[in-house]
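Chemist: Just need the structure, nothing else, for what follows:
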Amino acid sequence: MIKHITIAAMLIAGCNKSADESNKPPMKPAGSSKAMMAPGSSAGMSMAMGKKLEGQDLAKAALACMDPWNTHDASKSCYADDVKMHLVDSGVPDASGKAAATASDQMFWKSFSDLKGTPQLVLVNGNHVVITALYVGTDDGGFMGKPATKKKAGVMGLLSWDMTDDGKVKDDWVFVDFGDVMGQLGLVPPMPGMKWRPMMDKAPLAAPVIVVAKNDAAEKANLDLINTGDAAFEKGDWKALMANMTDDFVEHPMMEENDIKSKAEALKMYDSMGSAMKMNKVEYPAKWAAGDYVFQVSTMDWTMMGKPLHTTEAMVFRLQGGKVAELWGFGDSLAIAQQMGMMPAPGGAPAASGPTPTPAPAGSAASSKK
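Modeler: This is a model prediction of the structure:
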């Protein structure tokens, strides 16, 4: 959010002059592809027997979706025939249908021939799967119509998937900060007072952590805690929001240069945000729990320096002892630039608003607030 504030200030001041590069689609983030399940795997056996994939089996199927994507093998795509791919807040039109989604992946692979995604966290609730992953690739094929920079980009992203009973991706919602990708490649000039998040090339975890929802009382309590925090956020009651956090709270905002490593730093960030913007409406199209984690999508309509803005963000909360111990935030910092009218969305016209995120899972205790 600090970067949002800084970007808007710089844009209003006329500091961003890279419009010649903004009329082309930004980097296509990691979509999903899927090979057949490995012989002998429980998920593969369930598919062969016609059994609905659930829980751990669905998580394994989702992870298997990333294998052919990492090997750039479009022939083994995991997409359902009627899949829809949404690059949240990028301004890029949705890709509808398996052919369109696969073609988008191929364009991406052409720009980054060594691109790979390393899963970190997998959350499952019903047929809804969330995967956080580190994506790393070298711009050796030319990006956005520009000559190859030969530079490497590495960012953490989040995939929110609705999956079919047999393990195909029906809805693919991709949350990646294209601003950081472009900044790391040197395609966006640095602006005074801000820096891009440094390139990441090593995943924190060697193997992904899988958590499956139990829909029990503990998960309901976790959802209630997040709802309480959301209410405090909407009111600008930062003291109440801080009360929801552990003393050693850490936040990983993927749209910011650095992590926030204490409650004091978090309070400073929220104070800065509150003084620079007016929140008009917040809604939560998706919110569900899985073990000690809560996944949430929020859409926010707000005003900053007289400009109406709309942004969409995905968050993953880790709870400990009835409080939030860790938070990951994902979104696209380019959304602000586009809506300010300083960076045209793909196709030429400035983006008026971000896309509508995936509906909340059935029975997930999701809520909408205005």
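Chemist: just the helices in the stretch 51-200 of the chain please.
Modeler: Ranges of helices within the stretch 51-200 of the chain are 55-71, 98-111, 178-185, based on DSSP state H, counting those that start in this stretch.
Chemist: Same check on the stretch 251-370 of the chain?
Modeler: Taking DSSP H, counting those that start in this stretch as the criterion, the stretch 251-370 of the chain carries its helices at 263-276, 334-339.
Chemist: wouldn't residue 290 be in contact with residue 219 here?
Modeler: Yes - assessed by CB atoms under 8 Å, residue 290 is found in contact with residue 219 at 7.2 Å. Where C-beta positions appear, they are placed from N, C-alpha and C, glycine not excepted.
Chemist: Need the residues touching each of these two.
Modeler: residue 213 (CB atoms under 8 Å, 6 or more residues apart in numbering).
Chemist: ok, back up a step: please identify the deepest-packed of the helices of the stretch 251-370 of the chain.
Modeler: helix 334-339 (a mean of 26; mean count of other CB atoms under 10 Å).
Chemist: could you dump the helices of the stretch 251-370 of the chain to TSV with mean pLDDT and distance to residue 199?
Modeler: Shown next, in TSV, are the helices of the stretch 251-370 of the chain (pLDDT from 0 to 100; distance: least, CB to CB, whole Å):
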stretch	mean pLDDT	distance to residue 199
helix 263-276	87	23
helix 334-339	76	17
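Chemist: Quick one, which of these gets closest to residue 97.
Modeler: With CB to CB as the measure, helix 334-339 is the member of these nearest residue 97 (25.2 Å).
Chemist: which one of the helices of the stretch 51-200 of the chain is the most hemmed in?
Modeler: helix 178-185 comes out most buried of those by mean count of other CB under 10 Å, with a mean of 24.
Chemist: Mind exporting the C-alpha coordinates of that helix to PDB?
Modeler: Extracted in PDB, the C-alpha atoms of helix 178-185 (Å, rounded to 0.1, in the frame of the first residue of the first chain):
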ATOM      1  CA  PHE A 178       3.800  -6.900 -12.900                       C
ATOM      2  CA  GLY A 179       5.300  -3.600 -11.700                       C
ATOM      3  CA  ASP A 180       8.100  -5.400  -9.900                       C
ATOM      4  CA  VAL A 181       8.700  -7.700 -12.800                       C
ATOM      5  CA  MET A 182       9.100  -4.700 -15.200                       C
ATOM      6  CA  GLY A 183      11.200  -2.900 -12.600                       C
ATOM      7  CA  GLN A 184      13.500  -5.800 -12.200                       C
ATOM      8  CA  LEU A 185      14.000  -6.100 -16.000                       C
END
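Chemist: quick revisit: which one of the helices of the stretch 251-370 of the chain lies nearest to residue 58?
Modeler: helix 334-339 (30.7 Å).
Chemist: Show the secondary-structure elements that that closest one is packed against.
Modeler: If contacts are counted by 3 or more CB pairs under 8 Å, 6 or more residues apart in numbering; DSSP states H and E, helix 334-339 sits against helix 2-12, helix 178-185, strand 307-320.
Chemist: what about the longest one, average pLDDT?
Modeler: It stands for strand 307-320. Averaging pLDDT along strand 307-320 gives 94.
Chemist: what's the offset of that strand from the middle of its chain?
Modeler: In terms of CA atoms, centre = their mean, to the nearest Å, the centre of strand 307-320 is set 9 Å apart from its chain centre.
Chemist: which strands and helices sit next to it?
Modeler: helix 2-12, strand 128-138, strand 152-163, strand 169-175, helix 217-235, strand 293-304, strand 323-330, helix 334-339.
Chemist: Show me how this protein divides into domains.
Modeler: 2-20+212-339, 22-206 (automatic domain parsing).
Chemist: Please tabulate the helices of the stretch 51-200 of the chain in JSON lines, including the columns distance to residue 269 and mean pLDDT.
Modeler: Formatted as JSON lines, these follow (distance: least, CB to CB, whole Å; pLDDT from 0 to 100):
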{"stretch": "helix 55-71", "distance to residue 269": "32", "mean pLDDT": "96"}
{"stretch": "helix 98-111", "distance to residue 269": "32", "mean pLDDT": "91"}
{"stretch": "helix 178-185", "distance to residue 269": "18", "mean pLDDT": "87"}
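Chemist: which stretch among those comes nearest residue 129?
Modeler: helix 55-71 (4.5 Å).
Chemist: what angle separates the closest one from strand 169-175?
Modeler: Our comparison of helix 55-71 with strand 169-175, counting by axes from the mean of the first three to the mean of the last three CA atoms, to 10 degrees, yields an angle of 70 degrees.
Chemist: right, so of the helices of the stretch 51-200 of the chain, which gets closest to residue 299?
Modeler: helix 178-185 (18.3 Å).
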